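Participant: Need coordinates for the following:
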Amino acid sequence: MTTNETIHLKDLLNFSPKQDEARKAAFKNRYVLYGGAMAGGKSYWLRWMLVCLLIRWASKGHKAVEVGLFCEDYPTLKDRQLSKIGAEFPSWLGQLHGDHAQHGRCYILAEEYGGGIIKFRNLDDPSKYQSAEFAAIAVDELTKNTRDVFDDLRNRLRWPGITDIRFLGATNPGGIGHAWVKKAWLDKLFDENETEPEEFAYVRALASDNPHIDKSYLKQLESLPPDKRKAYLEGDWDIFKGQYFTEWRREIHVCAPFELPDDWRRFVAMDYGLFAPISMGWYAIAPDGRLYRYRELYKTGLTFSALAEAYVAHTPPGERVEYIVADPAIWKHEAGNSAALTGAEILGGRIDELLKSHNPQKALKAPPLIKADNTRVVGWQALREYLRPYQVEQEVVAKLQVFSTCSEFIRTFPSLIHDEHNPEDVDSDGEDHAGDEVRYAVMSRPKPGLTQAERDTAVFNKAMKEKRRIGGGRKTAFYD
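Facilitator: Coordinates of the predicted model:
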């Protein structure tokens, strides 16, 4: 740009109407997510939004302000951001540095625009930034990260004299962080220790909002099957790339609460964690074999004694629970301390004590605790059988039904993704607690929905096993 030329910031940014909507949201809110469908111009918005903020702060007298632009690893950072900045940012705006002596990989705006610094960083080890300070942090593909990464980064948000610090995220649905991102920005569900819930704002990005997208690519997205079209083109957060249980449909698997008949058998399944959430679900078995998950407990920080108290508090006195199936890990002794009680013993004993103290005349006992079958891949396959939709007259139903009041299950279970190294398994780095719990639940039940051929095969196999047990190759009365 020559000295006789001027350029308006709006023209420099060249934002689409939707990107400009996200810009305005970032001026009003501390934590802004711009996300949704593929090809929505999200990465572009992030890098130019940092330029916008730096120039805005410079106009208020804040010079040499530092901001951070983060991706999950360096190759991604290079592909999504560094290569684009070299082509997009005009030479008069500043200079891109591959390894600045003081700031490392960075972009430094020209002095006349405030000398602000965009530092390029990756998130392979977020602890590297414990002593860093940024006036703004932008994370590309936020759902590639766990909630802990967000918490660590937001603690780096501080800069002398600047009160309107900002956290900007851009992402598609999916990834190990899908559940917590959706919870905060879309569902607006916050823990009691969140001090700024009103500061979270979400702007939905669609491929059709990007005026620079190739029209043939847009047609390609439009021609996809309905489920993939909803994920890639419409940015549906209930259906996304990498989703493990693609069978999940809210309209099929979630039902309104109703009064359960007294004669339906009931049991409880649980996945335990002290610092990770405990997921406990109450299940009822309908006469047709369907499982109804009708109540839940999802909480961190509960010892086994406290969990026993929570279980009793959540279970009405007249409700008979046949058994509690739980993670086998709670039967393990602490290393080198085999004399100590296991978690299962503490939990069962405390439930016993509480039930007896509440009903001394009836001398109620705790439901038996049983070890869950923790076979992961086989368990997930069994769970798919419960999720599989089938037709009953004019209605499409599934063997697993979840009451709409089980909000944590409905939030986290559909967000499970494939393990990168074993696509047959779930990525356990995600929020998989409710998934493990329902896996334990279905593995404690018979396989649902056997066809007649499968039933005949099961009878035949059972007979063959009995034949081998009582006489090797001799014929038995079963076959005569």
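Participant: What sits closest to Ser208 if chain neighbours are left out?
Facilitator: Once flanking residues are discounted, Ser208 sits nearest to Leu218: 6.9 Å by Cβ to Cβ, 6 or more residues apart in numbering. All C-beta atoms are positioned from the backbone trio N, CA, C, and that covers glycine.
Participant: And for Asp99, the neighbour number?
Facilitator: Residues within reach of Asp99, counting by other Cβ atoms under 10 Å, total 8.
Participant: how close does it sit to Leu123?
Facilitator: 19 Å (Cβ to Cβ, to the nearest Å).
Participant: just Ala201 next, same as before
Facilitator: Separation of Ala201 from Leu123 (Cβ to Cβ) stands at 22 Å.
Participant: Compare these two (neighbour count), which wins?
Facilitator: Using other Cβ under 10 Å, the more surrounded residue of Ala201 and Leu123 is Leu123, with 22 against 17.
Participant: Which pLDDT value does the model give the more buried one?
Facilitator: On the pLDDT scale, Leu123 is placed at 94.
Participant: Would you map out the domains in this structure?
Facilitator: Domain assignment for the chain by automatic domain parsing gives 9-232, 250-443.
Participant: Ile239 is in contact with Phe245, isn't it?
Facilitator: No: with contact defined as Cβ atoms under 8 Å, Ile239 does not count as touching Phe245 (10.6 Å).
Participant: More neighbours: which of the two?
Facilitator: Taking other Cβ under 10 Å, Ile239 and Phe245 do not tie; Ile239 has more neighbours (21 against 18).
Participant: Assign the closest residue to that one other than its chain neighbours to helix, strand or coil.
Facilitator: Nearest residue to Ile239, sequence neighbours excluded (Cβ to Cβ, 6+ apart): Ala231, at 4.5 Å. State at Ala231, reduced to three classes by DSSP: H, G, I helix; E, B strand; the rest coil: helix.
Participant: okay, Ala231: pLDDT?
Facilitator: Note on Ala231: pLDDT of 72.
Participant: can you check Thr476 too?
Facilitator: At Thr476, the pLDDT value in this model is 28.
Participant: Bridge partners for the residue nearest to His314 when sequence neighbours are not counted, pull those for me.
Facilitator: Nearest residue to His314, sequence neighbours excluded (Cβ to Cβ, 6+ apart): Leu297, at 5.7 Å. Per DSSP bridges, the residues bridged to Leu297 are Met280.
Participant: now Phe267
Facilitator: Here Phe267, judged by DSSP bridges, has bridge partners Tyr283.
Participant: which residues touch it?
Facilitator: Contact analysis of Phe267 by Cβ atoms under 8 Å, 6 or more residues apart in numbering lists Trp282, Tyr283, Ile285, Val321, Glu322, Tyr323, Ile324, Val325, Pro367, Ala441, Ser444.
Participant: filter those to the buried ones?
Facilitator: Trp282, Tyr283, Val321, Ile324, Val325, Pro367, Ala441, Ser444 (16 or more other Cβ atoms under 10 Å).
Participant: count of residues packed around Leu354?
Facilitator: Should you count by other Cβ under 10 Å, Leu354 turns out to have 18 residues around it.
Participant: any idea which residue sits dead centre in this protein?
Facilitator: Residue closest to the mean C-alpha point of the chain, counted by Cα atoms, centre = their mean, is Ala179 at 2.3 Å.
Participant: Can I take it that it is in a helix?
Facilitator: Yes: read with three-state DSSP, Ala179 is one of the residues of a helix.
Participant: how close does Tyr107 sit to Val402?
Facilitator: Taken as Cβ to Cβ, the span from Tyr107 to Val402 is 48 Å.
Participant: More neighbours: these two, which one.
Facilitator: Legend: neighbour count by other Cβ under 10 Å for Tyr107 and Val402, higher for Tyr107 (27 against 24).
Participant: which regions of this protein lie under the pLDDT threshold?
Facilitator: Residues of the chain meeting the criterion pLDDT under 70: 1-7, 227, 335-337, 339, 360-363, 447-480.
Participant: Doesn't Cys52 lie inside a strand?
Facilitator: No: the secondary structure assignment for Cys52 gives helix rather than a strand, going by three-state DSSP.
Participant: okay, now it: neighbour count?
Facilitator: Look at Cys52: counted by other Cβ under 10 Å, it has 20 neighbours.
Participant: cool, Lys182 as well?
Facilitator: 23.
Participant: Could you give the number of residues near the residue nearest to it when sequence neighbours are not counted?
Facilitator: Spatial nearest neighbour of Lys182, chain neighbours left out: Trp237 (5.3 Å); criterion: Cβ to Cβ, 6+ apart. Trp237 has 24 neighbours, counted by other Cβ under 10 Å.
Participant: Use 788 as the first number from now on
Facilitator: OK, 788 is where the count begins now, so the last one is Trp1024.
Participant: Contact partners for Trp1024?
Facilitator: Counting by Cβ under 8 Å, 6+ apart, the residues that Trp1024 touches are Pro960, His965, Lys969, Leu973.
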